[in-house]
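Undergrad: The sequence and its predicted three-dimensional model are supplied below.
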Amino acid sequence: MKNVIYICLFLFIANVFAQEKPKNILEEEKVKTIKVNNGKEIVEKKIKVTTREEQAIEFDAKDKNKTDKDIIVSPIKVKKTIEIDNDNDRLYDTMTEIGYYEFEGNRYNFKKMNNGFLVSSENKENSNSFGNIERFNKENHYLFHNAETTGIGYFNTEGNFIVEYYDKKSGELVSKEFMAIK
């Protein structure tokens, strides 16, 4: 009887963990190696750029009872990780994560920092700092500030970043959304 209970418990737990939503994942990794002579020795430096694209697999509701279902085009979340190795060991010394967003027709990079994100505009000529996002102690609550505004921000369920602030000119609460690049 004890074994039957253990088997049932195991099957229940395994079933709970197997219910993750399916998704397509494309991960591309590029490594560039540079050899530098510093006068004493030749040091090999590496830069590894990993681009990860995730797309949830969603099916058309009209194909609910069919075996072969049509897939609905869903948004793709892109995350880039840059790792730099400045010495001869196998470990990378620094790592930077970047997410891509669109706001008012412009593209922005969200570079992950220790206490939040650095937001910079993505121009072909140069990359300008647009603002900072600092993490609060409460989960998914951030302080967004730049030259024009200061407000409270959070990531919604679609992965977009929402900033809410008080507009002194209109006297109203304004909500702006950085759309995750799909």
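TA: Done, it's in.

Undergrad: Dump the C-alpha coordinates for the helix or strand hosting G153 into PDB.
TA: Here G153 sits within strand 150-155, counting by DSSP states H and E. As requested, the backbone C-alpha atoms of strand 150-155 are provided in PDB (Å, rounded to 0.1, in the frame of the first residue of the first chain):
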ATOM      1  CA  THR A 150      10.200  60.300 -13.000                       C
ATOM      2  CA  GLY A 151       7.700  57.500 -12.500                       C
ATOM      3  CA  ILE A 152       7.000  54.000 -11.300                       C
ATOM      4  CA  GLY A 153       7.500  51.200 -13.700                       C
ATOM      5  CA  TYR A 154       6.700  47.500 -14.000                       C
ATOM      6  CA  PHE A 155       6.800  44.600 -16.600                       C
END
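
Undergrad: The helix or strand of the chain with the lowest mean pLDDT: what's the following helix or strand?
TA: Within the chain, judged by mean pLDDT, DSSP states H and E, the helix or strand with the poorest mean is helix 2-17; its value is a mean of 71. From helix 2-17 onward toward the C-terminus, using DSSP H and E, the following helix or strand is strand 23-37.

Undergrad: what packs against that following strand?
TA: Using 3 or more C-beta pairs under 8 Å, 6 or more residues apart in numbering; DSSP states H and E, the elements in contact with strand 23-37 are strand 42-56. C-beta coordinates here come from the backbone N, C-alpha and C atoms, glycine included.

Undergrad: send the alpha carbons of the strand it packs on over as PDB?
TA: Taking C-alpha atoms only, strand 42-56 is exported to PDB below (Å, rounded to 0.1, in the frame of the first residue of the first chain):
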ATOM      1  CA  ILE A  42      50.500  36.600 -25.600                       C
ATOM      2  CA  VAL A  43      47.100  36.900 -24.000                       C
ATOM      3  CA  GLU A  44      44.000  35.500 -25.700                       C
ATOM      4  CA  LYS A  45      40.900  37.600 -25.200                       C
ATOM      5  CA  LYS A  46      37.400  36.400 -26.100                       C
ATOM      6  CA  ILE A  47      34.100  38.100 -26.700                       C
ATOM      7  CA  LYS A  48      31.000  35.800 -26.800                       C
ATOM      8  CA  VAL A  49      27.700  37.200 -28.000                       C
ATOM      9  CA  THR A  50      24.700  35.000 -27.400                       C
ATOM     10  CA  THR A  51      21.400  35.900 -29.000                       C
ATOM     11  CA  ARG A  52      18.300  34.100 -27.700                       C
ATOM     12  CA  GLU A  53      14.900  34.300 -29.300                       C
ATOM     13  CA  GLU A  54      11.900  32.800 -27.600                       C
ATOM     14  CA  GLN A  55       8.400  32.400 -29.200                       C
ATOM     15  CA  ALA A  56       5.400  30.900 -27.400                       C
END
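
Undergrad: Which strands and helices lie in contact with that strand?
TA: strand 23-37, strand 76-85.

Undergrad: mind redoing it with 10 Å?
TA: strand 23-37, strand 76-85, strand 94-103 (3 or more C-beta pairs under 10 Å, 6 or more residues apart in numbering; DSSP states H and E).
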